[in-house]
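Asks: pasting the sequence and the predicted coordinates here, then a few questions.
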Amino acid sequence: MARSPSQLRRGDRSRERRPLAAQAAAGLSESQARDLVERLPAIVYVSETGVDGRWHYVSAQAEAILGFAPEEWLADPSLWAKQIHPDDRERVFAREAQLEEPGAPEEYRMVHRDGRTVWVRDHAALLADELGQLRWHGVLSDITERKLAEAELRLAEADLRYQAQHDALTGLPNRALVFEQLERARARSHEQVAVLLLDLDRFKLVNDSFGHAAGDALLVEIAPRLREALRPGDIVGRLGGDEFVLLLTDIADERVAVEVAERIVAALRRPFRLEGIEHFVTVSIGIAIGGGARALPGALIRDADAALYRAKERGRGRYEVFDRAMRVRTLARLSLENDLRRALQREELRVHYQPVVSLHDRSILGVEALVHWQHPERGLIAPAEFIPIAEDSGLIAAIGEWVLREACRQAAEWHAASPDAPPLAVSVNVSVRQITQRDLPGVVARALRDTGLDPHALCLEITETVILDDSDIANQALQALLALGVGMVLDDFGTGYSSLAYLTRLPIRGLKIDRSFVNRLGASERSTAIVTAILRMAEALAIEVTAEGVETTRQIEELQRLGCHRAQGFYFARPLPASELAALLRGPGRRV
C-alpha cells in the first residue's frame, strides 16, 4: 500500500496520466464510479508515497477484510505499516526500498483488528493526478482462503510422499526405499552388502485366531525390536504382510549378517503382550551376500527368498545363508513359469469380475476384471501368485491382451442383454511392461472394434509407476489410449510417489485408494488423514474415488463419513465368474 520515499524520486512528468480509478470510471458519473469501487470484493486505495504516507481514499471493504473502517485509515497514515504481520514486515519494507519499478503484486500477511492473520495480495501503480502529484493507486485483495488451501495441499503432498517410501502400518521403509538404498550401496563398488529377508512363522494363525487387528498390532510391536538388532546405518523395511527386509551395508564378511540374524531371532523370542495376552513369535530368515556393482537388488532379494524358503523347510525359527544348492527352488519357479506359458494355449485362464459398488444404495457401478489361473494340478490360482512371474518373464503382454479382449467381449455381451440398463463400466489392469513393450493402443483399438464395446465403457487401471515413467513410449501410449475415448483410473493411489502435479498430466477419470489405507480407517489417525486429503483433492479435481479392500462395516461407516461414494472389496463380493455376476446384474436395481 503506502510506499517508501525513495520511490518518489522515480516519477517524472512523462509518467503523468489519469489515475486508474479515473480511467475505469470513464463514461460513468462520479456516484456510479464510487458505487462500482465500493462493490469490489477488495480494498481500493489511494495514498501518498512513503511508509507513513497519508491516505486519500480507502474503500469500505477495508473494514470487512481487516476490521478497520475507512475513517480510521484516513486518520492514521501509519496504520498499514503497523498491521503488517511482524514476520513479513522486514521482507515487505526491504523489497519496497529496492524497487525501481512497481513490479509484480506482493503477497504478505496482515493482522486483523481481532488478531487473526489475513493474507493479502497488494497490486499498486504509481500514477500522477491532475495536478501532477504522484500517488499510489492500488487494490488489496484477501487471499487467505487460497493460502490455507495451498498449505493444506502441501501437507497432503508431504504425507503422500512420506507414504510412498514408508509402510503405513509400521512406519518402516517400504520396498521402494529399501531398493533405493540398495542401489546406492551397489554404486559404491567397494562395499559388500547383505540382504536379510524375514518372514514370521505361522503369522496367519494369529490373524485367524485373534483377528487382523491383533495381527497388525503384533507387526507394529515387532518393528522396534528389529531396529534394536541392527547396526547404525543399516535399514529395516516391510515388504508387505508379515515379510520384512533388512539391508546391511559395508559388511566385512558373512559373519556380520549371521550375528544380526541371531540377534533378531533372540529378540523375537521374548513374548509380545497384546490385549493382555502373551504371544510368542518365531521368525525365519534368509540371507544373501553380494559385492558392490555385482549386487543386483532383484538378484539379492531372489537369493534371500530362496534361503528363506530353505529355513522354513528346515523347521522355521532359524536362518539360512544362500548357497548354490538353493537354485532348486528357482527351478521350481521356472517350472511354474513354463506351465504359465502353456496356460493360454490350454485355455486355463479365467476372468473373474469384482463389483464396484455405490455406498449410497449398494448398486453395482462397474466391475474390475481380474485374471485367475485354473491350474490342472494346483487348482484355482489367484493373480497375486502368478502375475509377478508373468511380469518377470514377459508373459504379461500376451496374458494382458487376452484379459482385455475377454473383458471387452463380456461387457459387450452384458450390454446387449440389457440395452435399456445404464452402461456397466469394466476396468482392466495395465502394467508398465504392457505399455512400454507392446502396441497397447492398437491392441485396445482392435479389442473395442472386434467386440463392439463402447470405448467409454472401458477403463484402464494404471499405477503411479506408469505416470512417473517419462519415456517417450509410455507418454505416447497414454495419449493414444486417451484419444480412443477409454477412461484412465489410477490404481493403488498413495503407495507410489503421489505428487499432485502428476494428476494434471492426464485427464484421470478416477483413482483407487489403496487397501493399506482403508484397512486402518478408524484405527490410525494417519490413514484417516491421508484418505481425507485424497478425497478432498479428488473432489476439487472432479475425479471419482473408489476405496479398495473394504471388508468391514466400520470401514464403510468411516468412508461414508469422509464423503467417499464408491468401494469394492470382499464385504460386497469376491471376484466372481461372469455367470455369477450376470445373476447379480439381472437382480432388482443391480444391487449386491
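Replies: The structure has been received and is ready for your questions. Numbers count the residues shown, from 1 in each chain.
Asks: rest of the way, CA atoms for contacts and neighbours
Replies: Fine.
Asks: residue 107 against residue 119, yeah?
Replies: Yes - the pair residue 107 / residue 119 is scored as a contact, 7.1 Å apart, by C-alpha atoms under 8 Å.
Asks: tell me which of the two has more neighbours.
Replies: Remark: of residue 107 and residue 119, residue 119 carries more neighbours, 23 against 18, as counted by other C-alpha atoms under 10 Å.
Asks: output the contacting helices and strands for the helix or strand hosting the more buried one.
Replies: Here residue 119 sits within strand 117-128, counting by DSSP states H and E. Packing contacts for strand 117-128, counted by 3 or more C-alpha pairs under 8 Å, 6 or more residues apart in numbering; DSSP states H and E, involve strand 106-111, strand 134-142, helix 144-165.
Asks: reformat those as CSV; add mean pLDDT and distance to residue 427.
Replies: Output for the helices and strands packed on strand 117-128, formatted as CSV (pLDDT from 0 to 100; distance: least, C-alpha to C-alpha, whole Å):
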stretch, mean pLDDT, distance to residue 427
strand 106-111, 93, 45
strand 134-142, 87, 44
helix 144-165, 85, 24
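Asks: I'd like the ones you listed laid out as CSV, including distance to residue 400.
Replies: Formatted as CSV, those follow (distance: least, C-alpha to C-alpha, whole Å):
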stretch, distance to residue 400
strand 106-111, 52
strand 134-142, 53
helix 144-165, 26
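Asks: among these, show me which one is buried the most.
Replies: Of all the helices and strands packed on strand 117-128, strand 134-142 has the most neighbours on average by mean count of other C-alpha atoms under 10 Å, namely a mean of 23.
Asks: CA atoms only: put it into PDB for me.
Replies: Only the C-alpha atoms of strand 134-142 are listed here, as PDB (Å, rounded to 0.1, in the frame of the first residue of the first chain):
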ATOM      1  CA  LEU A 134       2.500  11.100  -7.700                       C
ATOM      2  CA  ARG A 135       0.300   8.900  -5.600                       C
ATOM      3  CA  TRP A 136      -0.200   5.100  -5.100                       C
ATOM      4  CA  HIS A 137      -3.400   3.700  -6.600                       C
ATOM      5  CA  GLY A 138      -3.900   0.100  -5.600                       C
ATOM      6  CA  VAL A 139      -6.000  -2.900  -4.900                       C
ATOM      7  CA  LEU A 140      -5.600  -5.100  -1.800                       C
ATOM      8  CA  SER A 141      -7.300  -8.500  -2.100                       C
ATOM      9  CA  ASP A 142      -7.900 -11.100   0.600                       C
END
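Asks: that strand to strand 106-111, inter-axis angle?
Replies: Strand 134-142 and strand 106-111 meet at an angle of 70 degrees, taking axes from the mean of the first three to the mean of the last three C-alpha atoms, to 10 degrees as the criterion.
Asks: for strand 134-142, packing partners?
Replies: Where contact means 3+ C-alpha pairs under 8 Å, 6+ apart, strand 134-142 is packed against strand 43-47, strand 117-128.
Asks: paired strands for it, with orientation please.
Replies: Strand 134-142 has its sheet partners listed here by DSSP bridges as strand 43-47 (antiparallel), strand 117-128 (antiparallel).
Asks: between the last one and helix 144-165, how many degrees?
Replies: Regarding strand 117-128 and helix 144-165, their directions subtend 130 degrees when assessed with the same axes, to 10 degrees.
Asks: over to the shortest one?
Replies: Orientation note: strand 43-47 sits at an angle of 120 degrees relative to helix 144-165 (the same axes, to 10 degrees).
Asks: I'd like the next helix or strand past the helix or strand encompassing residue 340.
Replies: Secondary-structure element containing residue 340, defined by DSSP H and E: helix 327-343. Downstream of helix 327-343, the first helix or strand assigned by DSSP H and E is strand 349-358.
Asks: sheet partners, orientation included, of that following strand?
Replies: strand 364-375 (antiparallel), strand 566-567 (antiparallel), strand 576-577 (antiparallel).
Asks: can you count the residues close to residue 47?
Replies: 23.
Asks: now it, nearest residue through space, not along the chain?
Replies: Nearest residue to residue 47, sequence neighbours excluded (C-alpha to C-alpha, 6 or more residues apart in numbering): residue 55, at 4.3 Å.
Asks: return the residues in contact with that neighbour.
Replies: If a contact means C-alpha atoms under 8 Å, 6 or more residues apart in numbering, then residue 55 has 45, 46, 47, 48, 73, 74, 77 as its contacts.
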